[in-house]
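> Pasting a predicted model and its sequence here:
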2 protein chains.
Amino acid sequence: MSTTIDMPGSSKAAKAGKPVLVTTPSRPGGWKKGVAIMDFILRLGAIAAALGAAATMGLSDQTLPFFTQFFQFEASYDSFTTFQFFVITMALVAGYLVLSLPLSIVAVVRPHAAGPRLFLIILDTVFLTLATASGASAASIVYLAHNGNQDTNWIAICNQFGDFCAQTSGAVVSSLVAVLVFVLLIVMSALVLGKKH
Amino acid sequence: MSTTIDMPGSSKAAKAGKPVLVTTPSRPGGWKKGVAIMDFILRLGAIAAALGAAATMGLSDQTLPFFTQFFQFEASYDSFTTFQFFVITMALVAGYLVLSLPLSIVAVVRPHAAGPRLFLIILDTVFLTLATASGASAASIVYLAHNGNQDTNWIAICNQFGDFCAQTSGAVVSSLVAVLVFVLLIVMSALVLGKKH
């Protein structure tokens, strides 16, 4: 969270105190700095969403207060391989986003440099794919847990495991927020790369 | 398929016959035309992959040659909501890719114009997300069909429905090929947008 406080400070320093840092010749590209600051803020939001998704899913666990001879009524995220994949992927995405923050700050300080922007857009695309894959596969399992499937005789488990289902659904929603932010980040980077001024 | 034949012709025409079309001032950006041609060819491949995925999934159907009082042993793609979503999304992706071909040709003819490239990279990102979501969610269902889940007592159905499982697995693999091509397309577009020459 300390980076949140650093951000307006460093941008202000670049704007007022040390304009020497901005070495690009064309002046009328101020909107690029705005987009870069927006990029930084969106990354902070995406970190929160990805971490929240990983934590909610990783801590999802419910044991029912009764048991029979045949079943031990417990559900946790490692009952499903997909949910394990989800936790690992979301942690990876959050880690990448934290590591991308310095590069995003470089883009704020030098809004006209194409290098960091290019690096970010390529890695963002890769991690967008990763986040979408884990979010969507977890969503399809959550859907099955809610609705079951008659043709294959897979029963809905959400009647019993209400809390577990609520937690995993929340994690999926949080991951889809991260996906949306990634799409926004890529579109913004593409606009900055594409426009000359 | 007639567009495949048009492609080298139109690029040759732009290279040899009508160099007037290339109105950009900087000459040493010939690699951008190469990337644009590669972009076009990759799009053709992605159309094949997406159409193949949609068709394979849409035609997946297996009825077992016996039945009991309780079950009618039939499996088809509309047994699963996720697979229905998969067919619709893959058809949409294939449709978008076909519609994007003219714009890709424009990028071949004018490799230095940022407009079409920008338009393509933004729409590619959106449809990458769509393709990844449908491919990953179908993959998680296919995994369940192969392995089942002990904790929730969901049985693996692939022992009975071997052909159905093979078809749906093939469709998922084909969709992941389309996803890979999309990632390549976006990275290539970003490189073209980012580099000046």
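Arrived safely. Numbering: from 1, shown residues only, chains lettered A, B, ... in the order given.

> List the contacts of the residue positioned nearest the centre of chain A.
When chain A is reduced to its mean C-alpha position, the closest residue under C-alpha atoms, centre = their mean turns out to be A:Ala178, at 3.1 Å. In this structure, A:Ala178 makes contact with A:46, A:49-50, A:53, A:90, A:93, A:131, A:135, judged by C-beta atoms under 8 Å, 6 or more residues apart in numbering or on different chains. Any C-beta I mention is one placed from the backbone N, CA and C, and that applies to glycine too.

> roughly how far apart are A:Leu185 and A:Leu120?
For A:Leu185, the distance to A:Leu120 equals 8 Å [C-beta to C-beta, to the nearest Å].

> quick one: common contacting residues for those two?
Here A:Leu185 and A:Leu120 have A:Asp39 as joint contacts, going by C-beta under 8 Å, 6+ apart.

> Show me the helices in chain A, by range?
Assigned by DSSP state H, chain A shows helices spanning A:2-12, A:30-59, A:81-109, A:114-147, A:162-194.

> and among these, the most buried is which?
Mean neighbour counts were compared across the helices of chain A using mean count of other C-beta atoms under 10 Å in any protein chain shown; the top stretch is helix A:114-147, at a mean of 23.

> Next, see if that one gets close to chain B.
Yes. Contact between helix A:114-147 and chain B is present through A:114-115, A:117-118, A:121-122, A:125-126, A:128-129, A:132-141, A:143-145, A:147 (criterion: C-beta under 8 Å from any C-beta of the partner chain).

> The nearest residue in space to A:Phe119 that is not next to it in sequence: what's it in contact with?
Distance criterion C-beta to C-beta, 6 or more residues apart in numbering or on different chains; nearest residue to A:Phe119, sequence neighbours excluded, is A:Leu103 at 6.4 Å. The neighbours of A:Leu103, taking C-beta under 8 Å, 6+ apart as the test, are A:116, A:119-120.

> how far away is A:Leu103 from chain B?
Counting by C-beta to the nearest C-beta, to the nearest Å, the gap between A:Leu103 and chain B amounts to 14 Å.

> Please apply the same query to A:Ala156.
According to C-beta to the nearest C-beta, A:Ala156 stands 9 Å off from chain B.

> residue contacts, the residue lying closest to A:Ser134 once chain neighbours are set aside?
Residue nearest to A:Ser134 in three dimensions, not counting chain neighbours: A:Thr89, with 3.8 Å by C-beta to C-beta, 6+ apart. Counting by C-beta under 8 Å, 6+ apart, A:Thr89 touches A:130-131, A:133-134.

> where in chain A is pLDDT low?
Within chain A, the segments meeting pLDDT under 70 span A:1-29, A:66-73, A:197.

> Swap in 90 and give it another go.
Scanning chain A with the threshold set as pLDDT under 90 gives A:1-32, A:59-81, A:110-115, A:148-164, A:193-197.

> What residues does the residue lying closest to A:Ala54 once chain neighbours are set aside make contact with?
Taking C-beta to C-beta, 6+ apart as the measure, A:Ala54 lies nearest to A:Met90, with 3.7 Å between them; neighbours along the chain are not counted. Counting by C-beta under 8 Å, 6+ apart, A:Met90 touches A:50-51, A:53-54, A:57, A:131, A:134, A:171, A:175, A:178.

> Looking at those, which is nearest chain B?
For chain B, the closest of those turns out to be A:Ser134, at 7.2 Å, with distances computed as C-beta to the nearest C-beta.

> Might one say that the closest one is in contact with A:Phe83?
No. Look at A:Ser134 against A:Phe83 with C-beta atoms under 8 Å: they stay out of range, at 9.3 Å.

> Mind picking the two most distant members of the contacts of A:Met90?
Maximum pairwise distance in the contacts of A:Met90, criterion C-beta to C-beta, is 13.9 Å, between A:Leu51 and A:Ser134.

> circling back to that earlier point, what's the separation between the nearest residue to the residue nearest to the centre of chain A once chain neighbours are set aside and B:Ala178?
With C-beta to C-beta, 6+ apart as the measure, A:Ala49 is the residue that lies nearest to A:Ala178, at 4.1 Å, once sequence neighbours are left out. With the distance defined as C-beta to C-beta, A:Ala49 ends up 26 Å from B:Ala178.

> Likewise for A:Thr81?
Counting by C-beta to C-beta, the separation of A:Thr81 from B:Ala178 is 24 Å.

> Same question for A:Phe83.
For A:Phe83, the distance to B:Ala178 under the criterion C-beta to C-beta works out to 26 Å.
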